[in-house]
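Asker: sequence-free structure coming up:
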């Protein structure tokens, strides 16, 4: 995966991206540990929900 330069982005957008990445990492680790057995969502669904929550909270 290529590195993305976040320096030129609006600080709020950069923060949202970083939060989404952290959330994806937590979900990935939880899946690897078996903590999410029985759940039927995927990382993309989690990121979509996180983005939707940010839009609702920030508007």
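Answerer: Happy to help now that I have it. Not measured: the values here are computed from a predicted model. Numbering: from 1, shown residues only.
Asker: hmm, residue 10 and residue 17 touching each other?
Answerer: No - under the contact definition of C-beta atoms under 8 Å, residue 17 does not touch residue 10, with a separation of 10.3 Å. Where C-beta positions appear, they are placed from N, C-alpha and C, glycine not excepted.
Asker: counting neighbours, go ahead and name the busier of these two.
Answerer: It is residue 17, of residue 17 and residue 10, that has more neighbours when counted by other C-beta atoms under 10 Å, with 14 against 8.
Asker: now stretch 16-33: mean pLDDT?
Answerer: Mean pLDDT, stretch 16-33: 83.
Asker: buried ones in it?
Answerer: When burial is assessed from 16 or more other C-beta atoms under 10 Å, stretch 16-33 yields the following buried residues: 16, 20, 27.
Asker: the last one touches residue 45, doesn't it?
Answerer: No - with contact defined as C-beta under 8 Å, residue 27 does not reach residue 45; the gap is 9.6 Å.
Asker: which parts of the protein are helices?
Answerer: Listed in chain order, the helices of the chain (DSSP state H) span 11-33, 43-58.
Asker: what helices or strands is the first one leaning on?
Answerer: By that I understand helix 11-33. On a contact count with 3 or more C-beta pairs under 8 Å, 6 or more residues apart in numbering; DSSP states H and E, helix 11-33 meets helix 43-58.
Asker: roughly how far does residue 28 sit from residue 38?
Answerer: With distances defined as C-beta to C-beta, to the nearest Å, the gap from residue 28 to residue 38 amounts to 17 Å.
Asker: kindly report the same for residue 31.
Answerer: Applying C-beta to C-beta, the value for residue 31 to residue 38 is 12 Å.
Asker: do the same with residue 25
Answerer: With distances defined as C-beta to C-beta, the gap from residue 25 to residue 38 amounts to 21 Å.
Asker: again with residue 20
Answerer: As defined by C-beta to C-beta, residue 20 lies at a distance of 24 Å from residue 38.
Asker: likewise residue 27?
Answerer: Here the distance between residue 27 and residue 38 works out to 14 Å (C-beta to C-beta).
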